[in-house]
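*Asks:* Sequence and predicted structure, then a few things I'm wondering about:
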Amino acid sequence: MIRWLRSLIGWTEERSGAIAMVAPIMTHRVPRDAKWWYVFGSATLMFFTIQIVSGILLATLYAPSAAEAYLSLVYIDQQVPMGWLLRALHAWSSNAMVLMVVVHMSQVFLHASFKYPRELTWMVGVLLLLCTLALAFTGQIMRWDQDAYWGLGIGASIVDRVPVFGNQLRNIMLGGPIIGGATLSRFFALHVFVLPGLTIALVGLHLALILKGGISEMPQVGQVVTPETYRKEYEARVHKTGVPFFPDAAQRDMVFCGLSLIVVMALAVWCGPVGPSGVPDPTVINANPRPDAAFLWIFAAMALLPPQIETFLLLASPPLIVLGLLAMPLLANRGERAPTRRPIAVIAFTTIAVAIAALSWLGVTSPWSPVMDAWTSVPTPVNMVKQLTPLQMQGALVVQYQQCRNCHALDGTGGMRGPELKNVGARLSWDQLVRQVQQGGGNMPAYGKTLSSAQTTALAAFLQSCRTDGVGPATIPGALERAATPDQPPVAVPPVSQ
Amino acid sequence: MNDGCAECKGGCDQTPPRSRRGVMFMIGAGLMGVGSLVAAVPLLGVLIAPGFRRYGNTWIDLGAVGNFPMGQTRLASFAIPGSNPNDGQTATAAAWVRSMEGQKFQVFAVNCAHLGCPVKWFQQSRLFMCPCHGGVYYEDGSRASGPPPRGLFEYPVKVENGHLLIDAGRLPGLQESV
């Protein structure tokens, strides 16, 4: 049997030369110190492979038509044997691929592995990052649920802001004047043909460049990259102390890939598939669209950008960021690689990482969003209405009934858009309260036309009572003290009758 | 100069004259170029055609005016004309109809002027609120607070034979409001 197999291999090898071609690649020498830091690229590639296989299987079940996509997902989840697990695997492996590509990139950045002669490897890697993110975004569209529909709406609104050609570009993106069948078909073609094809080609190029430039060593303080002499020095070092990629380095990749695959499978089994959320019906306006985890930080930034320069930042920052990432190895291709000798790089990395993490967290909590049902679902805390006067009680009702709670919290419950009202009576005087309610300002709508004077008076009376025990109501220093006693409305306000 | 064609390998020492090869190369490149240009017409055409088509609006019937009592703001949904069967549910849209004194109407797109999320009407506070980034509008559609750069998009309205009609059909956006 073995002899037969051997002769078969020999026969094939004699004609194809496959082993002669692959063997030097598998056994090429890599630095001995290339240890656990170097496993993330392989893990990214593994998850990409899983995405291709699970994606092909999903394509055998999914109906890429706006009329049927949603139902086909429900069908996959509920009727197809193991269908839910296939969708879960595709979703969680997608998250893992994004995570691994980011970790891999961070490692390469922190170790300055992008310096000579690996600038092109980094640049192709940047394109691969873009492909990965584009795959994640278009994959979210494939769910064709409420989040997908309104997510496309956000994308269309951004493209629409491009000067002069915005509307044309938007219609090209959507395949027509609305988000509809043509839109899903366009994004389907991107998600299953264009982007995977591009990614496979770029991965090939990335690997070829890695083989050409060699795996970088762990950065050593004082081991400076000098393009004129680097290759010779590197090859001499790797020749002297290096180890073959297979099996010495590959075994670590295998351990890490195996472990992360088990974790992703566990997540898929435990958490199940992602979505679909509500039906993609534009007339159902009770939607609360949120993007997938990888895009939450962008979603948050959109709520926090200064309105005056929002359009400029939305349109200019993506190309500037990409250009910056592409140009970085050209601007810094020599010198120290050790993080301890590159403080600016480390500070920049930390700042960006903290900013993205903070924005992502804000995206999860989205404090700027009104809590649409707070006014009916979040009761007024009982301790805040104890021992109130009838007028103040009326004011508490106004707070609830006029949807103030959608944006304002009372003792920690309710919206977070506006300030917490628990202590507002100690911060704002009677006049300030009335002015704020009637004229709005500082992100608050004006209620002057909506509330009657009686409602405003009651509201101000309640808000004035919102103070911790023993604290008097706020006053304006030097202003005429009109209120007779702290908790009584001033005599000048209209009587409480309609 | 030998290109290594099977017949010439080894024995053949006659290379075609350089000028003839140059001409052939030029003809080949030219033909490939012309062919590619012709082939690109349908390829690019299908891709970018939606950018060059003028998508017009049409008057769409939102129903009898009696469905919209005075002083109230109600959601009306309608089918988008000219959609294809492939669109499914996405071929419908919704609009907020504000009915005012004297059979006057304001009809707003549900899409927030910031980034297009669906705004929700609150009758008590007479505000539209957006779930995405916290845009808020007054009952007349004007911007109240939050990131929107303008008020809600408003459809042209007319009343005919006791029915309320709006001029609609495209996804509203900042460039061509509705």
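*Replies:* Here it is on my side, so go on. Not measured: the values here are computed from a predicted model.

*Asks:* Contacts for stretch B:46-53 next, please.
*Replies:* Contacting residues not belonging to stretch B:46-53 are listed as A:165, A:168-169, A:171-172, A:174-177, A:182 [CB atoms under 8 Å, 6 or more residues apart in numbering or on different chains]. (C-beta placed from N, C-alpha, C; glycine too.)

*Asks:* Can you mark which positions in the longest strand anywhere in chain B are buried?
*Replies:* Using DSSP state E to assign secondary structure, the strand with the most residues in chain B is strand B:92-100. Residues of strand B:92-100 classed as buried by neighbour count (16 or more other CB atoms under 10 Å in any protein chain shown): B:92-99.

*Asks:* One more: stretch A:341-359?
*Replies:* Across stretch A:341-359, burial judged by 16+ other CB under 10 Å covers A:342, A:345, A:356, A:359.

*Asks:* then that stretch to CSV, C-alphas only?
*Replies:* What follows is stretch A:341-359, C-alpha atoms only, in CSV (Å, rounded to 0.1, in the frame of the first residue of the first chain):
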residue,chain,number,x,y,z
ARG,A,341,12.2,53.6,21.1
ARG,A,342,9.1,54.7,19.2
PRO,A,343,7.1,56.6,21.8
ILE,A,344,5.0,58.7,19.3
ALA,A,345,3.9,55.5,17.5
VAL,A,346,2.9,53.9,20.8
ILE,A,347,1.1,57.0,22.0
ALA,A,348,-0.7,57.3,18.6
PHE,A,349,-1.7,53.7,18.7
THR,A,350,-3.0,53.9,22.3
THR,A,351,-4.9,57.0,21.6
ILE,A,352,-6.6,55.5,18.5
ALA,A,353,-7.3,52.2,20.3
VAL,A,354,-8.8,54.0,23.3
ALA,A,355,-10.9,56.3,21.1
ILE,A,356,-12.3,53.5,19.1
ALA,A,357,-13.0,51.4,22.2
ALA,A,358,-14.7,54.4,23.9
LEU,A,359,-16.8,55.2,20.8
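
*Asks:* Tell me which residues are up against it.
*Replies:* Against stretch A:341-359 from outside (CB under 8 Å, 6+ apart): A:106, A:109-110, A:112, A:221, A:296-298, A:300-301, A:304, A:336, A:339.

*Asks:* Quickly check those residues for the two that are furthest apart.
*Replies:* Pairwise distances across the contacts of stretch A:341-359 peak at 39.4 Å for A:Val221 and A:Leu304 (criterion: CB to CB).

*Asks:* Spatially, what comes nearest to residue 111 if we skip its sequence neighbours?
*Replies:* Just going to use chain A. A:Pro219 (5.1 Å; CB to CB, 6 or more residues apart in numbering or on different chains).

*Asks:* wrong chain, I was asking about chain B
*Replies:* Of all residues not flanking B:Asn111 in the chain, B:Pro172 sits nearest, at 5.1 Å (CB to CB, 6+ apart).

*Asks:* three-state assignment of A:Asp281?
*Replies:* Three-state call for A:Asp281 (DSSP: H, G, I helix; E, B strand; the rest coil): coil.
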